[in-house]
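K.L.:
below are the sequence and a predicted model for it; my questions follow.
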Amino acid sequence: MPQEPSEKTIEKMRNFVANYCRKSGTRTHPDPEVTEAVIKGLASHTETLGRPLCPCRFYPDKQAEVQHRTWICACDDMQIYKYCHCLLFVDENGMPITEYLPEDHEGRKMYGVIKDPSPDLGRPLRDQAAQREIERRERPS
Ligand code: SF4
């Protein structure tokens, strides 16, 4: 059973999420239980691993994963494409932004095209999209 994170760490993650919403022009999910579950998962990883590793993925080796930047919140998908598969950072309808994703990305297949309501905000790593796409296509599926 994963250990329950402290209220202090949960509060830090809530602040991080509120700030990141402002910076990226996104909102948290309209169902507060979704948001709270993801925030608790991030807080738990912060306490056990030292970093807010995305709680919505399976990792064969969490410690090894922490060495990469890829799935530390805000993850590469968020910083490059503004796509949050945990539904933590979404639009006003609670939908993840998918318009910048490659067409064959799982997010596009699942949700179709969801437009970014704030195209001027967020995506600080947007310049890495082309390189990221090459790497993704080279990975064995
Ligand atoms: S998908 Fe990315 S941005 Fe969303 S909660 Fe997970 S790590 Fe954070």
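P.N.:
Nice, I can see it. Residues are numbered from 1 along each chain as shown.
K.L.:
all the helices of this protein, residue numbers only.
P.N.:
With DSSP state H, the ranges of helices along the chain come out as 7-24, 32-49, 62-66, 76-81, 106-111, 129-138.
K.L.:
to the ligand, which of these lies closest?
P.N.:
Evaluated over these, closeness to the ligand peaks at helix 76-81, with 3.7 Å, by Cβ to the nearest ligand atom. (C-beta placed from N, C-alpha, C; glycine too.)
K.L.:
tell me the most buried of the helices of the chain?
P.N.:
Mean neighbour count, computed with mean count of other Cβ atoms under 10 Å, is highest for helix 76-81 among the helices of the chain, reaching a mean of 21.
K.L.:
follow-up on the earlier one: got a markdown table for the helices of the chain, with mean pLDDT too?
P.N.:
Written out in a markdown table, the entries for the helices of the chain read as follows (pLDDT from 0 to 100):
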| stretch | mean pLDDT |
| --- | --- |
| helix 7-24 | 98 |
| helix 32-49 | 97 |
| helix 62-66 | 93 |
| helix 76-81 | 95 |
| helix 106-111 | 95 |
| helix 129-138 | 83 |
